[in-house]
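Q: What would the 3D arrangement of this be:
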Amino acid sequence: MVRKDTREITKILKKAAEKARKETAHEPSPHLGGKEDWPIEATIGPGLEGAISCYTSIGHVNGSKGVLTYGGYNVFDLAINSTFEETAYLLIFGKLPTEKQLTAFNKKLVTYRHIPKTLRLLQSFPVEDTSPMGSLRLGVNLMRRVLSNIEKDVKKREKIKTVNTDEDSIPDETTPVGHEHAVYEVEDVKDNENLEDIYHLISGMATLTAAISRIRNGNLPIEPDPELSHAANFLYMMTGKRPSAEEERIMDISLIIHADHGMNASTFASMVVASTLSDIYFSIGSGIAALNGPLHGGANEQVLYMLEKIAKKGNVAEWYEEARAQKKKIMGMGHRVYKTYDPRARILAPIADFVAKNSPEDKKLLKIAKQLEEEVVKTLGKKKGIFPNVDFYSGIVYRAMGIDTDMFTPIFAVSRVAGWTARVREYLKTNRIFRPRAIYTGEFEKEYKQK
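A: The predicted model follows:
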């Protein structure tokens, strides 16, 4: 249940949801659900584009209609009615929790936000001179060392027997037959499925990110407050002040809408590592590493830099025409999946209006953003399906809340860890190591000549 003292934000979201429904009502809903027999035929492009690797009931992205679903629930409904804690539970367990289940789950999160030993180790490293994402990945490795028995418990590791250096390989000239299970299997795959570690990661990621932000600003980390929600605690541990009800609600919404998004690069990276039966900490560390790449995370930072440049130029239309002539990418516009308005951007755009209203500087950037959106949609919307994505307005929201720009991508990880861990847990239940192939374009039968 969301707080009653944030009714204005609820009204904003309901209005955005209704607008989305009206504008996409004419778009067809492609049938992509239900199980099919392996092998599945698919058109595959470079980078495994279009490949199908597994079944999932966690979430679905309908790019043509602009609908994002978690466990059957539209993300608009979750943003309006749910909390990050409840949404994380939904992703992990596939259903909304009862009041008793949510209380027990929240109790775990409250307990696991407290990671003093990990933070002490983290502070022994030069965090202030390290990128936030680099520090976050280090922090997860330190959590692994402090909070789990993976390195200490030799007997536990011996339960999972090594099978092969290159398990489940097939020759390049062999056609896949679509076996549901690997030729060589490992007993007790579920041994790696550890809910307590998942709870540690969801809670700890927020504590680590907040601590990294403070250390980079020359401050000491702040202990979590057991009376505050996940979103409120995150803001409190970052800023040192208890957020208002509206600030808490906005951060909660941001965490909800970033929590999962199909088989994206960071999710896939986490799942690939987990499929080898590596532990969940290493798997999530891979997701952080993938998110660090500029083609995946960090676009909202670049949107702000772009808007600031346009502000100096003083003319949005003129800047846009020059950018098009030079074939520059318009940051925060267009999405590989969505060919219509990103539903998450539909949520964040009016939220940006709400948070920027008391800051002349933020209002100015938001005005520029809206003018730029109008120019892009007018010229490329219907023609090429280019519309604002989630990054176009999220940076403005975070900036208006007083968050440093270089912490935007770590905030993404604070949310997405719920989706990463949920999908890893789901995949391990019927695990098969990921083993795609490549088309060899080199030579054969070359003669070796002694130099």
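
Q: For the stretch 301-450 of the chain, which segments are assigned as helices?
A: When assigned using DSSP state H, counting those that start in this stretch, the helices of the stretch 301-450 of the chain occupy the ranges 316-325, 343-356, 360-376, 382-384, 390-400, 408-428.

Q: The ones you listed: which one's closest to residue 138?
A: Across those, residue 138 has its closest neighbour in helix 408-428 (12.2 Å, C-beta to C-beta). Any C-beta I mention is one placed from the backbone N, CA and C, and that applies to glycine too.

Q: Over the closest one, what's the mean pLDDT, rounded is fine.
A: For helix 408-428, the mean pLDDT works out to 97.

Q: Can you name every helix or strand that that helix contacts?
A: Identification of packing neighbours for helix 408-428 by 3 or more C-beta pairs under 8 Å, 6 or more residues apart in numbering; DSSP states H and E yields helix 84-93, helix 132-147, helix 195-216, helix 245-257, helix 265-275, helix 280-291, helix 299-313, helix 390-400.

Q: Could I get the ones you listed in JSON lines, plus columns for mean neighbour count and distance to residue 429?
A: Listed next are the helices and strands packed on helix 408-428 as JSON lines, based on neighbours: other C-beta atoms under 10 Å; distance: least, C-beta to C-beta, whole Å:
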{"stretch": "helix 84-93", "mean neighbour count": "24", "distance to residue 429": "12"}
{"stretch": "helix 132-147", "mean neighbour count": "21", "distance to residue 429": "22"}
{"stretch": "helix 195-216", "mean neighbour count": "24", "distance to residue 429": "13"}
{"stretch": "helix 245-257", "mean neighbour count": "24", "distance to residue 429": "25"}
{"stretch": "helix 265-275", "mean neighbour count": "23", "distance to residue 429": "11"}
{"stretch": "helix 280-291", "mean neighbour count": "24", "distance to residue 429": "14"}
{"stretch": "helix 299-313", "mean neighbour count": "18", "distance to residue 429": "33"}
{"stretch": "helix 390-400", "mean neighbour count": "26", "distance to residue 429": "29"}
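
Q: just to revisit the earlier point, tell me which of the helices of the stretch 301-450 of the chain lies nearest to residue 6.
A: Closest to residue 6 of those, according to C-beta to C-beta: helix 343-356, at 10.3 Å.

Q: will you turn the helices and strands packed on helix 408-428 into a markdown table that also has distance to residue 9 and mean pLDDT?
A: Output for those, formatted as a markdown table (distance: least, C-beta to C-beta, whole Å; pLDDT from 0 to 100):
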| stretch | distance to residue 9 | mean pLDDT |
| --- | --- | --- |
| helix 84-93 | 15 | 98 |
| helix 132-147 | 28 | 96 |
| helix 195-216 | 21 | 97 |
| helix 245-257 | 5 | 97 |
| helix 265-275 | 28 | 97 |
| helix 280-291 | 27 | 97 |
| helix 299-313 | 20 | 93 |
| helix 390-400 | 12 | 95 |
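
Q: okay if I get those as CSV plus distance to residue 320?
A: Listed next are those as CSV, based on distance: least, C-beta to C-beta, whole Å:
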stretch, distance to residue 320
helix 84-93, 36
helix 132-147, 31
helix 195-216, 33
helix 245-257, 27
helix 265-275, 29
helix 280-291, 29
helix 299-313, 8
helix 390-400, 14
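
Q: Not counting sequence-adjacent ones, nearest residue to residue 235?
A: Once flanking residues are discounted, residue 235 sits nearest to residue 243: 4.2 Å by C-beta to C-beta, 6 or more residues apart in numbering.

Q: Assess the claim that the one you found and residue 233 are in contact.
A: No: in this structure residue 243 lies outside contact range of residue 233 using C-beta atoms under 8 Å: 9.3 Å.

Q: Give me the more crowded residue out of the two.
A: residue 233 (27 against 21; other C-beta atoms under 10 Å).

Q: Torsion angles phi and psi at the more buried one?
A: Note on residue 233: its backbone torsions stand at phi -60, psi -40 [degrees, to the nearest 10].

Q: can you check residue 67 too?
A: Dihedral angles (degrees, to the nearest 10) for residue 67: phi -120, psi 130.

Q: Run through the bridge partners of it.
A: residue 62 (DSSP bridges).

Q: where's the spatially closest residue to residue 309 that is not a sequence neighbour relative to residue 360, distance?
A: Distance criterion C-beta to C-beta, 6+ apart; nearest residue to residue 309, sequence neighbours excluded, is residue 319 at 7.5 Å. According to C-beta to C-beta, to the nearest Å, residue 319 stands 21 Å off from residue 360.

Q: And the two? Which one has more around it.
A: The neighbour count for residue 319 versus residue 360, taken as other C-beta under 10 Å, is higher for residue 319 (21 against 7).

Q: Show the model's pLDDT score for that one.
A: For residue 319, pLDDT reads 96.

Q: Nothing else from me, thank you.
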